[in-house]
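Novice: I'll drop the sequence and a predicted model, then ask my questions.
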Amino acid sequence: MPAAAPRAAYLLTAAMADNTQRACAIVAGDDMSTEWGGYDESVQRDILAALGEQTRIALTMLRDRLGVEIEMDWDSTARVVCSEALAAARELVRPDPGEWSLPECAHCREVIAKAMCSLQIQAYFRLGFTLVKIAPMCRQSADEPESARRS
Ligand SMILES: [Zn+2]
């Protein structure tokens with residue numbers, strides 16, 4: 001099993017994929033917020049790092065297989081988080097991330113975590129995975145060490 005943080009990151013994405021399927025739109029469910037809010041700050045930091053890595057894997061697959069580049073919706077993200085959090089999110093999803101600092105506000109940390117989950121789901125969706133398939137795929141990655149590194 002992958003370490004705790006990567007595992008939690010996959011499970012958050014799976015929870016969002018489940019919710020997306022029910023709501024027919026990429027939105028975070030309440031259950032996801034409860035789960036995220038249950039982690040303390042240092043764990044949230046590790047999960048954000050893991051989500052960044054998993055998002056980069058998905059974006060790289062999309063670029064390599066289909067030549068398609070997608071980005072986070074920076075404008076709408078900027079409307080709901082502070083500039084510190086926006087900078088952290090930009091760094092986390094860059095192909096070659098550098099230093100980033102953990103946003104101080106809990107609200108912003110949660111928003112960027114969910115934004116990365118949603119970006120991953122969009123990437124897998126474009127790669128041809130149906131929503132029904134994405135959640136179990138993430139859960140499988142959470143439980144299998146090999147598939148956690150899909151690069
Ligand atoms: Zn903030």
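Specialist: Okay, I see it. Residues are numbered from 1 along each chain as shown.

Novice: C-alpha from now on. contacts and neighbour counts both.
Specialist: OK.

Novice: Where in the chain is the helix or strand with the lowest mean pLDDT?
Specialist: Taking mean pLDDT, DSSP states H and E as the measure, the helices and strands of the chain show their lowest mean at helix 30-37, namely a mean of 86.

Novice: What are the contacting residues of that one?
Specialist: Leu12, Ala15, Met16, Gln44, Glu110 (Cα atoms under 8 Å, 6 or more residues apart in numbering).

Novice: Quick check: buried residues in the strand or helix carrying Ile57?
Specialist: In the assignment (DSSP states H and E), Ile57 maps to helix 41-66. By neighbour count on 16 or more other Cα atoms under 10 Å, the buried set for helix 41-66 is 44-62.

Novice: got it, and stretch 105-115?
Specialist: In stretch 105-115, counting by 16+ other Cα under 10 Å, buried: Cys108, Arg109, Glu110, Val111, Ile112, Ala113, Lys114, Ala115.

Novice: Throw these into JSON lines and include distance to Ser83 and secondary structure, thanks.
Specialist: Formatted as JSON lines, the buried residues of stretch 105-115 follow (distance: Cα to Cα, whole Å; DSSP: H, G, I helix; E, B strand; the rest coil):
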{"residue": "Cys108", "distance to Ser83": "10", "secondary structure": "helix"}
{"residue": "Arg109", "distance to Ser83": "12", "secondary structure": "helix"}
{"residue": "Glu110", "distance to Ser83": "14", "secondary structure": "helix"}
{"residue": "Val111", "distance to Ser83": "13", "secondary structure": "helix"}
{"residue": "Ile112", "distance to Ser83": "12", "secondary structure": "helix"}
{"residue": "Ala113", "distance to Ser83": "15", "secondary structure": "helix"}
{"residue": "Lys114", "distance to Ser83": "17", "secondary structure": "helix"}
{"residue": "Ala115", "distance to Ser83": "15", "secondary structure": "helix"}
